Every structure is written in C-alpha cells, then in structure tokens.
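Asks: when you get a sec, could you give me coordinates for this:
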Amino acid sequence: PFKIEGMTETFNGVPFKLDPWQNEAVNKGVSQQYLYVNDAVGSGKTITFLCIGAGIIKAGLAHKIQIVVPNKAFKQWEAHMKGVFPDMKYKTIKTKSKREDMADVAVSNAPIVFIAHSTFSDTMQLSASKQLEYIENEMQPYYKSRADLQDQLNNTDDKKTRKRIQADLTKVIKIIDKQMKAMDSLRSRRLTDTTNMSADRMGFDALMVDEAHKFKNIQTAMGSELAGVSGISSAASDQAAMMKFFTQYIQEINNGRNVFYATGTPVTNSATEIYNVLKSVAPKLMEDSGLKTFGDFISSHGQILPEETFRTNGEIVAKDTFKGLVNPNQIKRLINNVFHILTQEEMNGIFKAQGRPFPNNVPVNHLIPATPEKRIMGYYTQYMSWVISELAKDKEVMKQRRDERKRILIDIRQMQEAIKSLDKTGISLED
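Replies: Below is the predicted model of the structure:
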C-alpha cells in the first residue's frame with residue numbers, strides 16, 4: 001500500500017486508505033514517472049492524482065508540479081489537498097489575479113500549483129522562442145507533404161487525379177499558412193518577450209492534467225500518403241496546441257517523463273486520438289517502438305482500403321478509407337504500459353462485492369455569463385427567429401389565398417358544366 005510522510009490518517013471522519021486500484025495506479029505512476037489514469041467516475045481519481053504528485057515530490061523526482069483541473073472541480077481539488085496532505089504547501093493561479101499569482105508562483109517553493117482549464121488556456125503560454133522552436137519542428141512533415149503533393153501534381157495528367165491531389169495540397173497549404181502567421185506573430189513578440197512571464201520560466205518540472213480528453217484535438221501531422229484518406233480525424237484546437245507544447249517542454253527537461261493525464265471518459269477507437277494520447281504521455285516509448293510519427297503508427301496498425309462512394313452527380317468513385325486498427329497485441333502492450341484503466345463495470349462489480357454504495361453522478365447546472373460576442377449572436381438569433389416566423393405567417397396567408405383561388409376556379413368550372421347541362425335540356429338561364 002502507498003504510504004508517505006505527511007499523508008492523513010483520517011479523511012472525512014473515517015480512517016484513510018487507498019483502494020487497491022488506487023494503490024496500483026499510484027505505484028505505477030511514481031515508478032515510471034508517466035501515466036494516463038483512465039479510471040471510472042467515482043473511483044477516486046482526484047486522490048490518486050494527488051498521491052502520485054506527492055510521491056514524485058517526496059522521491060525527489062519533481063519539485064514544482066502544475067495540476068490543471070476543471071473549473072467546476074477547482075474547490076474540490078483544494079479541499080482534497082487539504083484533507084489528504086494537510087501540511088503540504090500549494091499555490092493557485094486564478095484568472096482574476098493571474099498576473100499576481102504567476103509572479104508569486106515563480107518565486108515560491110510550494111511543490112503543488114493548481115490552475116483551472118480556462119486559466120491555463122489564458123495564461124500558460126511558453127516563451128516565444130520556445131514556441132517557435134516547437135512549431136518549426138512540427139511543420140517539417142507539412143513542408144515535406146507539400147513538396148510531395150506538388151511533385152505528384154506536376155507529374156500527373158489525369159484530370160480526376162489532379163483534382164484530388166490539388167484538394168489535398170490546398171488543405172496542407174492552409175495549415176502551413178496558418179502556422180506561418182502564428183510564427184510571424186511570435187517573432188514580433190520575441191523582441192519584448194524577456195519582460196513577460198511565460199510558463200517555461202516559472203520552475204515547473206512536472207505536469208498533471210485532469211479531464212485530459214478536453215485537450216485531445218491536437219493537430220496531427222500526416223504525410224502525403226495519408227492526405228487524401230477518409231475516416232482520419234484532423235480536428236485541432238488552439239487550447240490543445242498550448243497543452244501539447246507545455247507537455248513537450250516538461251518532457252524535454254525530464255527525459256520524456258513527468259507528464260500525467262487523467263479522465264473518466266473512455267478513449268475512443270479513433271486512430272488519431274489513440275496515437276496522440278500515447279505520444280503525449282510517453283513519447284520515448286513510442287519512439288522506441290518505431291512509432292515516431294503518425295504515418296509510422298498507421299502503417300503498423302491501420303487498415304486502409306478503397307471504398308466506393310457516390311458523388312452528387314451520381315458517379316461512383318473509389319476512395320481510400322481508414323477502416324480501423326489492426327495488430328492489436330502491440331497496441332495492447334503500449335496501452336498497458338501507458339494507461340491505468342478501471343472501467344465503470346469493473347468498479348461497480350467491486351463496490352457490489354464489498355457492499356459499498358455506487359457513486360452517483362449528480363448533474364449540476366452551471367450558468368456561464370455570455371461574452372459580448374455571444375450576446376450579439378443571441379440578438380441576431382432572436383431577430384432571425386422573428387423573421388422566419390413572419391415569413392411562415394406570410395407563407396400561410398399565401399397558402400390560404402391559393403386555396404381560395406382553387407375553390408373559385410372549381411366553382412366556375414361547376415357553373416360551366418351546369419350551363420352545358422341546361423343547354424342540352426333546352427332550358428335557358430332566364431327560365
């Protein structure tokens with residue numbers, strides 16, 4: 001069982017001890033200095049994470065850990081910290097006082113620093129020089145892909161093939177152009193960057209992220225051979241990019257270690273998500289396994305087959321499509337190394353066998369103040385709803401008029417038929 005100096009003897013009025021799965025996760029995380037805790041909701045991930053953090057601090061493997069937590073759970077994390085390790089110092093960085101808090105953390109010797117998701121996205125940028133270094137390295141596969149696609153385009157005469165290659169090339173160029181603009185902005189910022197507080201100048205040497213699935217949409221570099229393949233997600237977010245860079249920085253100064261992620265949301269069977277999770281937490285393991293790039297991962301574990309699809313003009317075309325992952329044994333070996341997994345069914349079974357009540361998820365409504373942009377969009381939505389309702393009224397009036405005209409036409413036709421019938425009988429309208 002995991003036990004370190006400073007851990008409480010009681011918690012919430014009862015004797016404190018870790019559950020077996022928590023002991024397992026803590027010992028694994030501390031021993032290998034990286035871990036993705038993918039345990040079910042109610043399994044005690046908060047305490048598990050705090051014990052991993054305390055463990056690497058007490059072992060001298062880290063001196064200042066940044067723990068990124070969901071906004072709604074910030075107070076819960078503080079309460080658990082005080083309850084489990086009452087004598088351990090910690091600091092917080094909050095949005096309203098972020099400048100003062102960051103300056104305080106930079107000179108503090110407190111080993112734990114809590115920061116909310118939204119505050120992290122707003123404050124934890126690396127220095128301009130470090131970001132430029134990482135972006136430039138990240139762009140190399142895109143430069144190669146652009147050159148390869150341009151070469152294919154120059155050496156192809158088939159009209160359909162050229163159209164497909166041009167579409168793929170346009171996507172790659174769009175990504176490069178976006179990153180070039182970001183790099184230009186960073187070069188301008190670098191001139192005054194020495195006076196700014198940045199994440200890589202605050203003394204952090206370990207990173208822990210709760211609800212890490214919210215940072216999963218990482219821009220994944222793909223070679224030209226994957227540019228036109230359907231079924232491979234290419235979603236990306238600036239928030240995830242910031243987390244990726246900070247993760248890389250922590251691993252750079254710790255030989256690929258001291259990064260810990262946690263979530264109660266199961267990882268999907270998406271190739272990009274599985275690759276990015278493994279690469280984010282254990283990059284050295286991936287490289288040692290011959291999976292340095294996403295292309296390496298797909299060539300080893302992805303199945304790509306041609307699939308017939310219909311175009312809008314009715315034409316049937318064959319398109320390379322990602323069908324799923326193969327070679328599960330090696331993927332399982334990687335996942336077993338990087339992850340600690342406790343499914344909801346497994347946890348419920350353990351609780352049932354022990355006669356313990358199941359943890360219940362109680363939904364809580366959170367009212368988030370609207371930004372000026374969202375308020376404007378709200379007014380616009382209300383206006384458009386009114387316009388649509390008025391158009392609907394006009395449409396109904398027009399329908400009524402059309403129905404009335406139809407009835408009049410029918411009445412006229414009936415009269416004409418009646419007149420014809422009278423003519424046949426020899427009776428006049430005057431009669």
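Asks: for the rest of this, base every contact and every neighbour count on C-alpha atoms.
Replies: OK.
Asks: isn't there a helix covering Ser43?
Replies: No. Counting by DSSP: H, G, I helix; E, B strand; the rest coil, Ser43 is not part of a helix but coil.
Asks: strands of the stretch 1-150 of the chain, start to end?
Replies: Under the criterion DSSP state E, counting those that start in this stretch, the stretch 1-150 of the chain contains strands at 10-11, 14-15, 34-39, 65-69, 90-93, 112-116.
Asks: can you list contacts of the first one?
Replies: The reference is to strand 10-11. Applying CA atoms under 8 Å, 6 or more residues apart in numbering, the contact partners of strand 10-11 are Phe16, Gly83, Val84.
Asks: likewise for the second one?
Replies: When contacts are taken as CA under 8 Å, 6+ apart, the neighbours of strand 14-15 outside the stretch itself are Glu9.
Asks: so where's the stretch 1-150 of the chain shaky on pLDDT?
Replies: 1-2 (pLDDT under 70).
Asks: circling back to that earlier point, which of the contacts of strand 10-11 ranks first by neighbour count?
Replies: Neighbour counts for the contacts of strand 10-11, by other CA atoms under 10 Å, peak at Val84, which reaches 20 neighbours.
Asks: with Pro86 as the reference, measure out to the nearest residue to it once chain neighbours are set aside.
Replies: Closest residue to Val84 apart from its sequence neighbours, by CA to CA, 6 or more residues apart in numbering: Thr8 at 5.2 Å. Remark: distance between Thr8 and Pro86 (CA to CA, to the nearest Å) = 7 Å.
Asks: which residues are contacting stretch 94-108?
Replies: Under the criterion CA under 8 Å, 6+ apart, residues 91-93, 113, 115-116, 119, 122-123, 197, 201-203 lie in contact with stretch 94-108.
Asks: buried ones in it?
Replies: Buried residues in stretch 94-108, defined by neighbour count with 16 or more other CA atoms under 10 Å: Lys94, Lys98, Met102, Asp104, Val105, Ala106, Ser108.
Asks: mind saving the C-alpha coords of it as CSV?
Replies: C-alpha atoms of stretch 94-108 as CSV (Å, rounded to 0.1, in the frame of the first residue of the first chain):
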residue,chain,number,x,y,z
LYS,A,94,-6.8,32.2,-10.9
THR,A,95,-8.0,34.2,-13.8
LYS,A,96,-8.9,37.4,-11.8
SER,A,97,-5.5,37.6,-10.2
LYS,A,98,-3.4,35.7,-12.8
ARG,A,99,-0.5,38.2,-13.0
GLU,A,100,0.0,38.4,-9.2
ASP,A,101,-0.5,34.6,-8.9
MET,A,102,2.0,33.8,-11.6
ALA,A,103,4.6,36.1,-10.1
ASP,A,104,4.0,34.6,-6.7
VAL,A,105,4.3,31.0,-8.1
ALA,A,106,7.5,31.9,-9.9
VAL,A,107,9.4,32.7,-6.7
SER,A,108,7.5,30.2,-4.4
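Asks: report how many residues lie close to the nearest residue to Phe16 once chain neighbours are set aside.
Replies: In space, Phe16 comes closest to Thr10 once its chain neighbours are excluded; the distance is 4.6 Å by CA to CA, 6+ apart. By other CA under 10 Å, the residues close to Thr10 number 12.
Asks: cool, Arg164 as well?
Replies: Neighbours around Arg164, by other CA under 10 Å: 14.
Asks: what secondary structure does it sit in?
Replies: helix.
Asks: now the longest helix along the chain: mean pLDDT?
Replies: Assignment by DSSP state H gives helix 372-425 as the longest helix of the chain. The pLDDT scores in helix 372-425 average 73.
Asks: what is that helix packed up against?
Replies: Taking 3 or more CA pairs under 8 Å, 6 or more residues apart in numbering; DSSP states H and E as contact, there are no helices or strands that helix 372-425 lies on.
Asks: what's the offset of it from the middle of its chain?
Replies: Distance, stretch centre to chain centre, for helix 372-425: 48 Å (CA atoms, centre = their mean, to the nearest Å).
Asks: so which of the strands of the stretch 1-150 of the chain gets nearest Thr268?
Replies: When these are compared by CA to CA, strand 34-39 sits nearest Thr268, at 11.8 Å.
Asks: quick one: strands adjacent to the closest one?
Replies: Strand 34-39 has the following sheet partners, assigned by DSSP bridges: strand 259-262 (parallel), strand 339-342 (parallel).
Asks: save these as a markdown table, and put in mean pLDDT too.
Replies: Shown next, in a markdown table, are the strands paired with strand 34-39 (pLDDT from 0 to 100):
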| stretch | mean pLDDT |
| --- | --- |
| strand 259-262 | 96 |
| strand 339-342 | 93 |
